[in-house]
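[1] got a sequence here, can you build the structure:
(chains A, B and C)
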Amino acid sequence: MSAAAIGEPLTRVDGRAKVTGAAKYAAEFEVPHAAHAVMVTSTVASGRITRMDTTAAERSPGVVTIMTPANAPRLPNNGRAAVNPPAGRVLQLLQDAEVHYNNQPIAVVVAETLNQALLAAALIDVRYQSTPPKLDFQAGFPAAHVGKNKIPSMLSEGDVAQGFAAAEVTVEQIYTTPKQNHNPMEPHGTIASWDGELLTLHDATQYIFGVKQTVAKTLGIPEDNVRVLCPYTGGGFGSKGSTWSHVVLAAMAAKVAKRPVKLVLERPQMFGPVGGRPETYQHIVLGAKRDGTLTAIRHDCYSHVSTVEDFVEPSSSQTRMLYAAPVITTSQKLVSLNVGTPTFQRAPGEATGTFALEIAMDELAVALNMDPVALRLKNYAEADPTSHKPFSSKHLRECYEQGAGRFGWSKRNPAPRSHREGNLLIGYGMATATYPANRSESQAAVRFEPNGRVTVLSGTQDLGTGTYTIMAQVAAAKLGLPITLVDAKLGDTRQPQGPVSGGSQTAASVTPAVQAAAEQAVLKLVTLEISNPGSPFYGALPEELDFKEGKLLRRSAPASGIPFTEIVGRNGGAAVEAKASAKPSQDVEEYSQHSWGAVFAEVAVDESLGMPHVRRLTAVYDVGTLLNEKTGKSQLIGGLVWAQSLALEEETHIDPTTGRPVNNNLAEYHMPVNLDIGALDVSALGTPDKNFEPLGGRGIGEIGITGASAAIANAIYHATGKRFRDAPITPDKLLA
Amino acid sequence: MNSFTFRRADAPDTAVEALAHDHAAKLLGGGTNLIDLMKQGVEQPTALIDINPLPLAEITPLPGGGLRLGATARNSDTAAHPEVRAQYPMLAQAILAGASAQLRNMATDAGNLLQRTRCYYFYDPAYLACNKRKPGSGCAAITGFNRIHAILGASPECIATNPSDMAVALAALEPTVRVRGPKGERHIHFADFHRLPGKTPEIDTNLRADELILSIDLPRSSYAAHSHYLKVRDRASYAFALVSVAAALDLDGTTIRSARLALGGVAHKPWRAEAAEKSLKGKPATADSFRAAAELALAGAQTYKDNAFKVPMAKQAIVRALTVAAGEQA
Amino acid sequence: MTGTKKGCDHGQCGSCTVIAGGRRINSCLSLALVHQGDTVTTIEGLAHGDQLHPVQTAFLEHDGYQCGYCTPGQIMSAVALLDEVRKGQPSQVTPELRKAGPVELTPDEIKERMSGNLCRCGAYPGIVAAVQQAYGQTQS
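    Sure thing, here's the model as predicted:
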């Protein structure tokens, strides 16, 4: 088998485990004597618990312990010792009797079996002193506040009044997106077990080191006492990026119960206690000259937060860098509601922001009687219009060109309602996709094993993103080995530390560390050999040696190679391992770093029934190097499915009286099924961005959801002649 | 899920006897709705009587035409049955429009008739007010989020809808439901099987607590050539209907000899639109006739905060379903 | 065995799909007692030793999964689907319902028949391609 190459569409190294059911997710580990815990959650949205009668529940068969605000262990700083997003959030850890949202954790029941715990939980009698909850988002605008967050609340570039005064054509509209919940297929779950003062957590997470730090700090124990394991994450999309209440509650319950405890959320508990995407209300004004040149952009956003913690859904982010307008003004304001704390959900900001901005651009194109692609090219930003930095790499123009060509955009008659097939109105729409390129410090280790295999380790996560595969692939490519000789290991805090799997940064952060570790491991082999009198390389200078196809050799005599197993054997027989760390260089600060894409959509709308169908999406992305074409494309495809879901299906509905999510299940919380998805033509330019990271790859996990939802909405406009600005565009809205 | 005793019924009579002895007992067929509701804590039977071993799974021709669907015939087998497909294609369509392949493999035909509403406020015991779950407690849906709720035949006590697709097609096909109770067999006209909520929304059907459904008996149909089941929903598959229509025409050339029309997603029961059917009789099969029928079908509609869209949606779905039915070739 | 997954516990996601008595079902809504005497096949029972089932191989080749959590259910569903199609069972997208006969396994037929299995990662196109390949390989 030949050596692995970067970009090669290799099958996932963890694939076999996944298709045979052997892959073990957090809650599936067999921990001896584990008891089952369930969370009891509130049924009111605001107020306090006045009485919690657990008498009947305690007598229920199999009950081990019941933890309530009355008897839960007291935690340092009321359980808020670790608040530091993304890992540490304001949690509900039974430290007081306050209720901040409906479905908030208020007790934990531990029993011998899951069913016993559920039955006992239903017997707990809770009385509340309820206060009227704040649930009306728009009613909260006058009292909106700005967030304590890294994201600036108000930014202006240029003279705003002048910019709009210079406009000959103006588009001004309101766009909205709804509350959503991540709903990975794997529910959040934790198994906590104590061995004396040492705590082991099997947790479904996107950030094992975040869990370790947060749980340790919250409980007030040394970080070294906590080990977190998560070899497989059954989807996360942001909800598993933070350590939520149930993780700490599981650890507390295990301590109280004096035995391991397994706590898995029921599906309805995925609506509130583990975050979600906040509702947004976005006011956009675009000013332009008759020729399409933008003179000014205004993008003012409201999103909601909980009453306990701020989180900004930065819908205006992309507006600050996407188009070359001389005047750009944006703002972000927050409305406190009695709902679960919103959090990062796939492309927080850009997913909702591009929905609004890219529909607005389509409206401007219509107002100018201009082709939507031409309008975007007219305002193409050669440099970041607000930071004024050059882009690390930008090939968006090629995305538009290739996308339009592959899609057949030139065949579009720009007139709305111009294409009909029987009862169906057909429409074409397009939009720009963009997402920042993120990278942070990461560590990895590479180990030459005595058995001839290589192990690559990093304490990161694979959420289905392909981390296992690209770790193995990058190590194999670096060492000139087939991927079949490399074992990737992740998901254990005993491994070298990796960052949160969020912000599409895992690959760009971990693979440079893998490469560095591979280099260091080879250097160790070299050092061993040149100082070992028994080696043919004894006394050689390091620069005279090279490592190829698993062998150390002299550059002057490539046939002289010696397999690393022989070297390992000669030097005591123990694996030769090196650890390395990699972080973005200072140079990176000189660039504005983003990924790009162009998305084209064809929809068929049956307007008398209100039913839309996305027939096809063509998307071309500039995401730098694709490290693995197969898993990379899957990420982009998954993003497009999410975009379609945002545009047409997904919405968490809240009961207007009690604040309880009404469609808190997978039958009524609609996300696309297989039949919803049309033909997807996804490609990546593959132009490396070496200004960003050594292999030239930028993140791919989130860009797919950006822009595409607007492309679909724009196609619906083209099909029907009606503009829809409120997601999701469901049959009740679409019905003509 | 509460604890319960479990026994297998070896004959219809033993199942009926078991029900008579224990009023908190429930018959277990496919379990797709009952087990679901038990997990929700909405249903809490003390005993489950497994009727799957009963010899009631056959689909057999009835003397003089017509077809008998055994109570425990699976939805998937019913939809795939050559006689169902040939004589009652709309029924096959309706079944296949519902749920998923897995659920249809489990769900029985009788069980399909006994599905309970998908009203959020019924399903989630965290809501205190639900007259269907807890008689006298009120209706949270009327002032709540009621996008999926009824527009026809509701009462101040309950605005829930029946979630079945199959039952909508059946409503248009006029079968009888053959049941056995302690005093022997009786036949319930399909139109009388399901109830409107009135003041007792906790009672979904006129099946008595001690009765077992034996079969659904379909009469011979003259509608096979011109029928259509249309379902409007939030996604292309695996979603409950916002509105659905079972439309069937018996045509003499282009003139309508008789019509059948039933709606789903709009009422507490599969909603038969008889006035609309009558209006079509003797009329040409044209869009105008269909539009007039649609107006009649929705004449008494009452909407709530979030479900006003169902009225135009239902009207347009009726016109579409009738149009497709009329155009379908024999 | 932990291959069969709990995603919703209410028959709304398909992650728990197994084949019992020759049919795919949602195991979360099934009492084991009702299946006494039935052969139940879970994802663990599909491969013969190291020899994967053609559907498993096709999922690997077409990347018909990402996080893998819904995958056992998807694969069990796909295996049953092939059998159902061979038996001529119709779906809601089958063009001619009135006449029983062979089913042409178009992409829409695959999509509809796989719609009882949610995949939040959005791996649907890969799943469709995998089923197409497996159907081709297991024909004859």
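[2] use CA for all of it now, contacts and neighbours both
    OK.
[3] look up how far chain B lies from A:Glu602.
    Separation of A:Glu602 from chain B (Cα to the nearest Cα, to the nearest Å): 17 Å.
[4] the helix or strand containing that residue near chain C anywhere?
    Assessed by DSSP states H and E, A:Glu602 sits inside strand A:594-606. No. Judged by Cα under 8 Å from any Cα of the partner chain, strand A:594-606 stays clear of chain C, getting no closer than 15.5 Å.
[5] could you point out which element follows that strand?
    Toward the C-terminus from strand A:594-606 - assigned by DSSP H and E - lies strand A:611-622.
[6] give the pairing partners of that following strand; include direction for each.
    Paired with strand A:611-622 in the same sheet, following DSSP bridges, are strand A:594-606 (antiparallel), strand A:679-684 (parallel).
[7] can you redo the ones you listed as JSON lines with mean neighbour count and mean pLDDT?
    Converted to JSON lines, these look like this (neighbours: other Cα atoms under 10 Å in any protein chain shown; pLDDT from 0 to 100):
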{"stretch": "strand A:594-606", "mean neighbour count": "27", "mean pLDDT": "98"}
{"stretch": "strand A:679-684", "mean neighbour count": "18", "mean pLDDT": "98"}
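[8] turn those strands into a markdown table, columns for distance to C:Gly136.
    Output for these, formatted as a markdown table (distance: least, Cα to Cα, whole Å):
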| stretch | distance to C:Gly136 |
| --- | --- |
| strand A:594-606 | 30 |
| strand A:679-684 | 20 |
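[9] which one of these lies nearest to A:Asn691?
    Nearest of the strands paired with strand A:611-622 to A:Asn691, taken as Cα to Cα: strand A:594-606 at 11.4 Å.
[10] roughly how far out does that closest one sit from the chain middle?
    Remark: strand A:594-606 is offset 21 Å from the chain centroid, using Cα atoms, centre = their mean, to the nearest Å.
[11] check stretch C:45-60 too.
    On Cα atoms, centre = their mean, the centre of stretch C:45-60 falls 13 Å from that of its chain.
[12] tell me which element the closest residue to chain A within chain C falls in.
    Proximity of chain C to chain A (Cα to the nearest Cα) peaks at C:Cys67, 3.4 Å away. Using DSSP H and E, C:Cys67 sits within no helix or strand.
[13] could you find the closest non-adjacent residue to it?
    A:Gly464 (3.4 Å; Cα to Cα, 6 or more residues apart in numbering or on different chains).
[14] what number of residues lie near the one you found?
    24 (other Cα atoms under 10 Å in any protein chain shown).
[15] what's the pLDDT at it?
    We have a pLDDT of 97 for A:Gly464.
[16] what residues are up against it?
    A:Gly464 is in contact with A:233-235, C:65-68, C:121, counting by Cα atoms under 8 Å, 6 or more residues apart in numbering or on different chains.
[17] host element of it?
    Here A:Gly464 is covered by no helix or strand, with elements defined by DSSP H and E.
[18] relative to chain B, how far out is it?
    24 Å.
[19] okay, which residue is most central for chain B?
    Residue closest to the mean C-alpha point of chain B, counted by Cα atoms, centre = their mean, is B:Ala167 at 2.6 Å.
[20] the strands in the stretch 101-250 of chain B, which residues?
    Counting by DSSP state E, counting those that start in this stretch, the stretch 101-250 of chain B has strands at residues B:176-181, B:184-189, B:212-218, B:227-232, B:243-252.
[21] which helices and strands sit right next to the second one?
    What it means is strand B:184-189. For strand B:184-189, the packing partners by 3 or more Cα pairs under 8 Å, 6 or more residues apart in numbering or on different chains; DSSP states H and E come out as strand B:176-181.
[22] would you mind writing the CA trace of stretch A:331-342 as PDB?
    Output in PDB follows, covering the C-alpha atoms of stretch A:331-342 (Å, rounded to 0.1, in the frame of the first residue of the first chain):
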ATOM      1  CA  SER A 331     -24.900  46.500  16.300                       C
ATOM      2  CA  GLN A 332     -25.800  43.700  18.600                       C
ATOM      3  CA  LYS A 333     -28.300  43.900  21.400                       C
ATOM      4  CA  LEU A 334     -29.600  41.400  23.800                       C
ATOM      5  CA  VAL A 335     -33.000  40.700  25.300                       C
ATOM      6  CA  SER A 336     -33.300  38.700  28.500                       C
ATOM      7  CA  LEU A 337     -35.900  36.000  28.500                       C
ATOM      8  CA  ASN A 338     -36.900  33.200  30.800                       C
ATOM      9  CA  VAL A 339     -35.500  30.500  28.500                       C
ATOM     10  CA  GLY A 340     -32.500  28.200  28.600                       C
ATOM     11  CA  THR A 341     -29.200  30.000  27.900                       C
ATOM     12  CA  PRO A 342     -28.600  30.200  24.200                       C
END
